[in-house]
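> Provided below for reference: sequence and predicted model.
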Amino acid sequence: MAKKVNLNSAVALRSECDQHLSAAFSRLGYKESFMLRDIKLVLGYLCVAFAGLMYYAEKKFKNDFNNGQYVFYTEVLVILFFGFQFISYLFTKFVMKTTKYVGIKGAKTLKASTYLKSKTEPVYYIDIDLDGTIAKEQVEMTKIFRETGFLDFKIFSDILTDLVTKMEKDA
């Protein structure tokens, strides 16, 4: 559901638009895929598990650094923890990037990335990748938000629908 947004904050306006991407694309028959988020969650849970195992080893061996077994376990777990943290960082930085939505419709995969070029410029940039075909669109947020601060979902959805429909016809 739309909520009132501060019209002077481009970041808040972009966030509101991002939250409605799923609803707009579901009107076209795309079902949202959470695979990227699931991978990031798994990486995070693994890091938490390694931290928990380090705590368990510390309690079991009473933090005795003279015990070679304890030192070995601690070294391995610290390396695994930071290794998976680094993998998570790389995944977020290079794989997820600005991807806000991934949708599947039959054999088609749609990825939507959004960004702002400036935090003060109210222009919403969206890149849509439909099975390798990329379309870029820029939308002035003054056109899709009412003066009261609410998103006009019909206008927003129509812009996305026109863009994706055109891409589907070209493919």
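Perfect, thanks for sending it. Not measured: the values here are computed from a predicted model. Residues are numbered from 1 along each chain as shown.

> and the longest helix seen in the chain, what other elements does it pack with?
In the chain, taking DSSP state H as the definition, the longest helix is helix 35-60. The contact analysis (3 or more CB pairs under 8 Å, 6 or more residues apart in numbering; DSSP states H and E) places helix 35-60 against helix 68-90, strand 99-105. Where you see a C-beta, it was placed from the backbone N, CA and C, and this is true even at glycine.

> and that helix with strand 99-105, angle?
Computed by axes from the mean of the first three to the mean of the last three CA atoms, to 10 degrees, the angle separating helix 35-60 from strand 99-105 equals 120 degrees.

> where does the residue of the chain most remote from its centre sit relative to Thr74, distance-wise?
Farthest-out residue of the chain from its mean C-alpha position, per CA atoms, centre = their mean: Asn66, at 44.8 Å. For Asn66, the distance to Thr74 equals 13 Å [CB to CB, to the nearest Å].

> Kindly report the same for Leu80.
11 Å.

> burial measure for the closest residue to Leu77 other than its chain neighbours, as a count.
Excluding the flanking residues, the one nearest Leu77 by CB to CB, 6 or more residues apart in numbering is Met54, at 4.7 Å. If you count neighbours by other CB atoms under 10 Å, Met54 ends up with 17.

> I figured Met54 hits Val78, correct?
Yes. Here Met54 reaches Val78: they are 7.0 Å apart, a contact under CB atoms under 8 Å.

> That's all I had, so thanks and see you.
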